[in-house]
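Visitor: model the following, please.
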Amino acid sequence: MSTLRPIYPCYYKDLNQRIYKCDMCQCLSSPPLFSTSNLCSSLSKSSSLICSDNITKTYNEELLRLRLDEVESEIDQQLQTQYSIIRKQTFNDIQFEFDNFNYDIFKNLLDFEQICSYINNSRLTFYRLQTNKLFNEIYTCQLTILSLRFLDTIIENNFLLTIINPIGLIFYNCTFNIEQLNLTTITTTLSFYYIKFYLKPFLIKSLTSLTHLIITYTTNFDIIGSYPNLIYLDLCHTQLNDIQLNKLFSQIDMPDLTTLILSNNNIKILKTKFPTRIRYLDLSNNYIKSLDYTSFKSLYSLNILNLSYNSPLDIQQDTFTRVPYLEILDLTSSLPSLPIDDLFLPLQKLRYLNLSLNNLNSLPRFPIPHDAHTIASYDHHLPVLNVDLSNNNFNRIDFDIFSSASTQDKYIISIDMTNNQLKTLQLPFNLSTGIKRRGPLIELNINNNPLECNCILYENIFQLLQNDISSQQDNSFICKYYYLNK
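Guide: Reported below is the predicted structural model:
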C-alpha cells in the first residue's frame, strides 16, 4: 500500500510514519494559505472549536496514549497467556488520531480518495470528539476497526459504533448521554475507564460477542442478560456493595467466566453465587469480615484467590475445603490475631501462600503437596510450596511443626521471613542430635532480622549448613552484637 499523503491539518507524528494525526485546532492557530484540499474548510459548517493549551494538551495526550497502549497490551497478554487466544493481528501500519473532530470534519475526511482503505483494520483514536449526533448519516465508507478509542468525549448515540464496527472498544474519561450501548456482533473487548453517565443507571445488556469486559473507576451502571463468550470481567473501583453484587450475579448468565476482579469495592459479606468456572478471583481491598465453608461453595475449580487487605478477616477452619484446586492464596494484611492452626491443610495443590503483614507470631501448619510422595527424589523435580511470612512479628521458628510422620514425603518449603523479630535460630531436637529428620526440605530467608550473633546462633547455622535446611542471606542481613560494659 502506498503512503497516505498528509491532508492539512493532518500529519505524521513520527519518522516511521506510523501515527497519522489530525488536529483541527491547528486550523485556528495556524490557518492554511489555501482553503481547498484541506479539512479546515469543514469548520465553516460546524460549531466553533474549543481548543485547550497546546503544551498541556500534547503532554496529556502522550500520557493517555501510553496508558491506552498498556491497557490493550495487557488485554492481549491475558488472552494469550491465560486463555491461549491470539487476537487477529491485521492492524494497518498506520495508527490514526483525530483531535477535536465532529461529523462534518470526519465526513469530509472520508471523502478524500482512498482514505477508507487506510483507516480500515487500523487503530483509531478520537480525542475530544465534540459531537456525534449526526454520525448516522455516514454510509459512504463502511469500516471495520480493530481498535476504537474515545478520550474526553461526550457519547450521545450509538451510530458511530455500529458503522465503524470496532473489534476492541475503549472509553477513557468520557461522559455518556445515552441509556445503553448497541454494539455489532464482532466487538469482543469493551473497556470503561473513569466514565460518567448522565442517564442512570447505564445499561449493558446481552453483548453476546464479548470475551473481555472492564469497568473501572466508574459507577451507576447495570449489567443484565446473557454473555455466553465472556471469560474476563473486571469491576474494580466501582463502589460495588453486597446488595449490588448479589443482584448483579442473579441477573446475568456468564457460563464461561474464568477471571473475576472485584478489588477495591465495598463488599462486606460474601454470599454471592458466582459462576462455577471461575479460576481467578480477586477480592482484595474490600471490607470482608468473615469467611466460612459456604463462601466459595460454587468455585470448585478456583486456582487463584486474592483476599489481601480485608483485615481483620475471621476465617473459619473449614473455609477452604470447597476449593481443593487452589494454587495461589494471598492473605496479605487480612488475618486476625487468632490461631489459624490447620486452616490451610486441605489445600494440597497450593504452591504459593502469602501471609505477610499480619502480625503473626506462631507458624500455622502447612499442607503437604499432593504429589510429595509420588515424584522422583531429585531436588530440581520436587514440588515447592512458597510461603511469604515477611513483615510479621516472629521472634522464633518452631521447626518441629515441619516434621512428618512419613519418610516418603519429598517436597520443599521455601519460607520468606524477612523483616521479623528473629533473634536466634533454635533447631529441632532430632536435628541438633543428628537423628534423621522426617519432613520437607526447607529454604529459609531471614534477612533483616535483629539476630544476636553469639555461640548458639553460630552452632545452629553450622548445623543448618550440614543438613537439609538452607539459610539465605545477602547484604541486608542484620546481626546485633552485645558488648559487656567494662
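Visitor: strands of the stretch 101-250 of the chain, start to end?
Guide: Here the stretch 101-250 of the chain has its strands, by DSSP state E, counting those that start in this stretch, at 123-127, 145-151, 154-155, 166-172, 175-176, 189-193, 196-197, 202-205, 212-216, 221-226, 232-234.
Visitor: try the stretch 251-400 of the chain
Guide: Under DSSP E, counting those that start in this stretch, the stretch 251-400 of the chain gives strands at 252-253, 259-261, 280-282, 290-291, 304-306, 314-315, 328-330, 352-354, 384-388.
Visitor: these: which one's closest to Thr144?
Guide: Using CB to CB as the measure, strand 259-261 is the one of the strands of the stretch 251-400 of the chain that comes nearest Thr144, at 27.0 Å. Yep, even glycine has a C-beta here, placed from its N, CA and C like the rest.
Visitor: what strands line up against that closest one, and which way round?
Guide: Strands that pair with strand 259-261, judged by DSSP bridges, come out as strand 232-234 (parallel), strand 280-282 (parallel).
Visitor: who's in contact with it?
Guide: Residues lying outside strand 259-261 but in contact with it, judged by CB atoms under 8 Å, 6 or more residues apart in numbering, are 78, 82, 231-236, 274-275, 278-282.
Visitor: tell me how far that strand lies from the chain's centre.
Guide: Strand 259-261 sits 9 Å away from the centroid of its parent chain (CA atoms, centre = their mean, to the nearest Å).
Visitor: what do you get for stretch 212-222?
Guide: The chain centroid and the centroid of stretch 212-222 are separated by 14 Å, computed with CA atoms, centre = their mean.
Visitor: got a list of what the residue nearest to Lys196 when sequence neighbours are not counted touches?
Guide: Counting by CB to CB, 6 or more residues apart in numbering, Thr175 is the residue found nearest to Lys196 once chain neighbours are left out, at 4.7 Å. With contacts defined as CB under 8 Å, 6+ apart, the neighbours of Thr175 are Thr153, Ile154, Ile155, Ile195, Lys196, Phe197, Tyr198.
Visitor: same check on Asp318?
Guide: Asp292, Tyr293.
Visitor: how does this protein divide up, domain by domain?
Guide: Per the record, the chain has its domains at 1-173, 368-486, by automatic domain parsing.
Visitor: lowest-confidence stretch among the ones you listed?
Guide: For the domains of the chain, mean pLDDT drops lowest on domain 368-486, to a mean of 72.
Visitor: now the closest residue to Thr319 other than its chain neighbours: how far from Arg279?
Guide: Among residues not flanking Thr319 along the chain, Leu291 sits closest, at 4.7 Å (CB to CB, 6+ apart). When distances are taken as CB to CB, to the nearest Å, Leu291 and Arg279 turn out to be 19 Å apart.
Visitor: need the max-distance pair from the contacts of strand 259-261.
Guide: Taking CB to CB as the measure, these have their most distant pair in Gln78 and Phe274, spaced 19.0 Å apart.
Visitor: now do stretch 193-205: distance to the chain's middle.
Guide: Distance, stretch centre to chain centre, for stretch 193-205: 22 Å (CA atoms, centre = their mean).
Visitor: what mean pLDDT does stretch 346-354 get?
Guide: Averaged across stretch 346-354, the pLDDT comes to 96.
Visitor: buried stuff in that stretch?
Guide: Neighbour counts over stretch 346-354 (16 or more other CB atoms under 10 Å) mark Pro346, Leu347, Gln348, Lys349, Leu350, Leu353, Asn354 as buried.
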